[in-house]
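Asker: A predicted structure for the sequence below; I have some questions about it.
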Amino acid sequence: MSPMRIFELILSLLVVALILPVATRRLPIPPASALILGGMVLAAIPGIPAVALHPDLIMLLFLPPLLMSSAVFTVWRDFRAELRPVLMLAIGAVTFTTWIVGCAAKWVAPSLPWAACFALGAIVSPPDAVAAKAVLHHLHLPRRLMTILEGESLINDASGLLLYRFAVAAALTGTFHATEAGLSFVWLSVGGVLIGYITGRISIWIMKRLQNPHESVLTSFLTAWVTYMIAEHIGVSSVLAVVTCGLVVGMLQHGVLTARARTEIIGVWRFVVTVFETLVFVLIGLSLRGVLGRLGGVGPALHEAGPLALAVVLTVIISRLLWVVPGMLISLRATPTEGGPALPKSPAAWIVGWAGMRGVVSLAAALALPEDFPGRDLLLFARFAVIAVTVLFQGSTLGVVIRWALGSKSHHDTGPQVMELHARLRVSHASVAYLESLPTDGPLKTERENVLAMHRRRLQVTEHIGESGEASLEQRRVYFGIALAALAAGRAELLQMHRSGALHDSILRPLEAELDLEELRLRRLAGEPP
């Protein structure tokens, strides 16, 4: 395929990725499900070129920034508080699922070697960070459950890929050494965490000394890819390295980045992550085309690989429930933590057990199988079935399971709102206290009084937000409605000056950015979506 055709294909995929979520917005399915479904439809249309994805390119291009983004926005204190259930899922559930799926695959397809069956189990065992984030983002879960699910998906790839590596080696060589596997797991894990910590600290050191926000944006992206490549070159877990790096950057960036740099980094990262996520899910659907072609079409593929795929899909779902439900009952703390209020163990266990979406890691691991691997196309078809069913079916029904398990109102967590209000009050009190400590006379008296009046008014508004009752809520709605209307009037005047030629674009843009930030602040205080 020529470079021009490749570029045209990428643009076409982006158009599809834009249309599909909009077209399916009224359907009770998450956008990730719509994208995979659209890719499957495209794969069945004659004339659509087959997409041959190199697994190393998938892992290197898509995985580092997506993992980095998830890790940076992970709250370390919440993650550490839920480390016990996270490790129970990331290591225990992955190992258990690999073993059960391997046994089921051998039972359904006796001609497959045991090592190939366990390789399939390792491929489909780890839930995916990209898929989990894409699905969970649109659901209202308690913060502690979000931390557990996102934390699991961030670090379980290391255990899944290690099991996959040894299963493939055993299938090709016919040998397996348990001691060597255990030592390798320790080396991969410890080495990956160490590399990630070092690159994270170096990245923060560099960004602290950069003056241009654009340079900080570029550094943040380079950090993700460089960390992944260094870990791969050394031979440690690149997934754990990127996740650790992201956690370090997320913890330390608040006191390093300027307001402008942080705003631009968040904006650019959100755009890039959105593009990458949409492309990944469309490409997952399109990857079915090559497998169907080698198996002789839809009919022969279902006849030859359908029983194996069905058995693997059912085993993946059931084995996760068998491990997670009792495991969560044992490992989850029912008492309140910093990450949120107390959670009912049994409902939380069922939700976590049902939230096992697979995605890009399973895709890349399956495509990385050598061409001469026993039953390669059968394993690829089963892998695609697992991704499609877990994202399409489980992802679409997860909201129903949440409502069934927690009830329509019981999972509403008011902790973050109370904490936010408390923080706003502390910040406003600190600003007012500083201004009141300044001399009341002198050449800056008038300026001090004006700024003090502004901050006292902001403190008064913040205290008013915390008041309850219908009258206070109505007064708050009216207040912010007037404030937003006044801001809109100012924006209209600014645009009118620009249209009449009285205001140059170089002046319009920074003033417009200030109005945008002020509007976001007012909508945030009003409790409206920005």
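Answerer: Sure thing, it's come through.
Asker: quick check: mean pLDDT across the longest helix along the chain?
Answerer: Ranked by residue count, the top helix of the chain under DSSP state H comes out as helix 298-331. The predicted model assigns helix 298-331 a mean pLDDT of 87.
Asker: how about stretch 142-161?
Answerer: Average pLDDT, stretch 142-161: 79.
Asker: repeat for stretch 121-137
Answerer: Per-residue pLDDT values over stretch 121-137 give a mean of 72.
Asker: what do you get for stretch 243-261?
Answerer: Looking at stretch 243-261 alone, the average pLDDT works out to 86.
Asker: CA-only coordinates of it in CSV, if you can.
Answerer: Backbone C-alpha positions of stretch 243-261 (Å, rounded to 0.1, in the frame of the first residue of the first chain) are rendered in CSV as follows:
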residue,chain,number,x,y,z
VAL,A,243,2.8,3.3,34.6
THR,A,244,5.3,4.0,37.3
CYS,A,245,6.6,7.0,35.3
GLY,A,246,3.1,8.3,34.9
LEU,A,247,2.4,8.0,38.6
VAL,A,248,5.6,9.9,39.5
VAL,A,249,4.8,12.7,37.0
GLY,A,250,1.2,12.9,38.2
MET,A,251,2.4,13.3,41.8
LEU,A,252,5.1,15.8,41.2
GLN,A,253,3.8,18.0,38.3
HIS,A,254,1.6,20.2,40.5
GLY,A,255,4.5,22.1,42.0
VAL,A,256,6.6,22.1,38.8
LEU,A,257,4.4,23.1,35.9
THR,A,258,3.1,26.6,35.3
ALA,A,259,-0.6,27.2,34.9
ARG,A,260,-0.3,27.8,31.2
ALA,A,261,1.9,24.7,30.7
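Asker: which other residues reach that stretch?
Answerer: By Cβ atoms under 8 Å, 6 or more residues apart in numbering, the list of residues contacting stretch 243-261 from outside reads 67-74, 76, 79, 154-155, 192-193, 195-197, 199-201, 203-204, 207-208, 210, 213, 216-217, 220, 223-224, 227, 262, 265. Where C-beta positions appear, they are placed from N, C-alpha and C, glycine not excepted.
Asker: next one: it to chain centre, how far?
Answerer: Its chain's C-alpha centre and that of stretch 243-261 lie 17 Å apart, by Cα atoms, centre = their mean, to the nearest Å.
Asker: residue boundaries of the helices in the stretch 201-350 of the chain?
Answerer: If you assign secondary structure with DSSP state H, counting those that start in this stretch, the helices in the stretch 201-350 of the chain sit at 213-234, 238-252, 259-286, 288-295, 298-331, 345-354.
Asker: Glu518 is nearest to which of these?
Answerer: In terms of Cβ to Cβ, the element of the helices of the stretch 201-350 of the chain nearest to Glu518 is helix 259-286, at 13.5 Å.
Asker: gap between the closest one and the chain center?
Answerer: Centre-to-centre, helix 259-286 and its host chain are 10 Å apart (Cα atoms, centre = their mean).
Asker: what does stretch 314-333 give?
Answerer: Averaged C-alpha coordinates place stretch 314-333 at 22 Å from its chain's average position (Cα atoms, centre = their mean).
Asker: in that stretch, which residues are buried?
Answerer: Of all the residues in stretch 314-333, those buried under the rule 16 or more other Cβ atoms under 10 Å are 315-317, 319-320, 322-325, 327-328, 331-332.
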